[in-house]
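Student: 3D, please:
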Amino acid sequence: MHLPDGSDIATEDPISAYAVVGGGVVFQTPGDDELYWADGSGARGLGVKAHTTVSLIEASPDGRYLAYADVTEDPDTIEAVVVDFTTGEEVVRSDEGFTTSGDQADAYEEIEPGLIAVDDETAWFRTLDGDVAYSLATGERSEVPEGEKPWQPHGGDAYGVWNPSHTWEAVGEKGEPGRLVGPDGADLVPPDGGSVIMVGDSEWGGLWFDDKTRLGRLKSGSGISLLACRVDQMECVAVPGTESPQGRAVTSRVADGDHDPIVLPQSHHYD
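Tutor: Just a heads-up that it's a prediction; the model follows:
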């Protein structure tokens with residue numbers, strides 16, 4: 001795994017999803033049912049259960065809790081999961097709101113249920129019945145009133161338009177080039193061929209790593225590269241090592257806003 005400062009973290013295995021936690025990375029390998037931890041000294045199993053498909057793993061900003069949408073098999077059903085990273089205990093594992101008597105695959109495609117965001121106290125999930133909140137400490141579940149987005153001042157949307165502090169907004173249509181609009185009329189426009197919107201696109205981010213960095217993609221004659229737009233520096237740059245004809249990379253937001261995002265290049269992507 002390559003950091004923008006040029007340093008590496010070796011996971012020893014391919015990665016399908018991951019989250020940055022403190023000085024290391026929690027990750028899943030394709031086809032495995034366990035989460036792993038890697039830092040500069042190597043990788044080890046956490047003993048935390050995860051089925052073979054986890055689309056997004058996030059850590060609370062304090063690094064204590066992990067939240068993710070786990071996908072069971074036969075049939076494919078999402079479960080909301082919260083794990084205490086310090087003890088390995090599952091605080092939450094529930095499929096409530098993720099099942100239906102109708103065509104579940106069609107319902108999932110329409111609603112796109114899964115993890116929305118997490119802060120130090122709460123994990124929010126989108127279900128077929130609406131948005132819900134889970135207490136990280138107790139696992140207590142509550143419904144989010146329709147139209148409200150209590151996660152925005154804390155963790156932003158997983159693939160939404162606002163940064164965590166709700167000061168910068170990605171403006172534009174899904175999948176189309178757009179721009180980032182900030183306070184006092186600040187306006188950051190990506191270069192020709194670049195898109196920083198990509199709302200809902202889990203392969204190319206369209207997400208905020210932290211309060212300052214928004215991901216998108218940059219098209220060129222030789223392929224597509226991951227595009228990182230830094231609002232504090234008012235510039236968008238292609239991330240080295242991510243160019244590929246298909247334009248795919250596994251990415252994750254960082255749990256600690258003081259660190260730069262980690263990017264996994266295309267050569268390590270597994271469908």
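Student: host element of the residue sitting furthest away from the middle of the chain?
Tutor: Each residue of the chain has a distance to the centre, and by CA atoms, centre = their mean the biggest one is for residue 101: 29.0 Å. Assigned by DSSP states H and E, residue 101 belongs to neither a helix nor a strand.
Student: what domains does the record give for this protein?
Tutor: Domain assignment for the chain by automatic domain parsing gives 1-154, 159-259.
Student: what sits against residue 37?
Tutor: By CB atoms under 8 Å, 6 or more residues apart in numbering, the contact set of residue 37 is 21, 24, 25, 26, 27, 43, 44, 45, 46. (C-beta placed from N, C-alpha, C; glycine too.)
Student: now with 7 Å, please.
Tutor: 24, 26, 43, 44, 46 (CB atoms under 7 Å, 6 or more residues apart in numbering).
Student: can you confirm it is in a strand?
Tutor: Yes. Under DSSP: H, G, I helix; E, B strand; the rest coil, residue 37 sits within a strand.
Student: beta partners for it?
Tutor: Assessed by DSSP bridges, residue 37 has beta-bridge partners residue 26, residue 44.
Student: okay, it: pLDDT?
Tutor: Looking at residue 37, its pLDDT reads 85.
Student: separation between it and residue 162?
Tutor: 30 Å (CB to CB, to the nearest Å).
Student: likewise for residue 34?
Tutor: 34 Å.
Student: the more surrounded of these two?
Tutor: residue 162 (17 against 12; other CB atoms under 10 Å).
Student: local confidence estimate at the more buried one?
Tutor: Residue 162 is given a pLDDT of 74.
Student: please list all residues in contact with the residue nearest to residue 48 when sequence neighbours are not counted.
Tutor: Nearest-residue entry for residue 48: residue 35, 4.4 Å, with adjacent residues in sequence omitted and distances by CB to CB, 6 or more residues apart in numbering. Neighbouring residues of residue 35 by CB under 7 Å, 6+ apart: 26, 28, 46, 48, 50.
Student: show me where pLDDT drops low in the stretch 151-271 of the chain?
Tutor: By pLDDT under 70, the low-scoring segments of the stretch 151-271 of the chain are 152-160, 164, 172-177, 193-206, 209, 221-222, 241, 244-271.
Student: neighbours of residue 62, how many?
Tutor: If we define neighbours as other CB under 10 Å, then residue 62 has 15 of them.
Student: quick one, phi psi at it?
Tutor: Recorded main-chain torsions at residue 62 are phi -80, psi 0, according to degrees, to the nearest 10.
Student: what strand or helix carries residue 96?
Tutor: Residue-wise, residue 96 maps onto no helix or strand under DSSP H and E.
Student: and it, what's its pLDDT?
Tutor: pLDDT at residue 96 comes out at 93.
Student: distance of it from residue 102?
Tutor: Distance, residue 96 to residue 102, by CB to CB: 17 Å.
Student: which one of those two is surrounded by more residues?
Tutor: Of the pair residue 96 and residue 102, residue 96 is the one with more neighbours under other CB under 10 Å, namely 12 against 8.
Student: my read is that residue 62 contacts residue 120, right?
Tutor: Yes. Counting by CB atoms under 7 Å, residue 62 does reach residue 120; the two are 4.9 Å apart.
Student: any common contacting residues for those two?
Tutor: Counting by CB under 7 Å, 6+ apart, residue 62 and residue 120 have no shared contacts at all.
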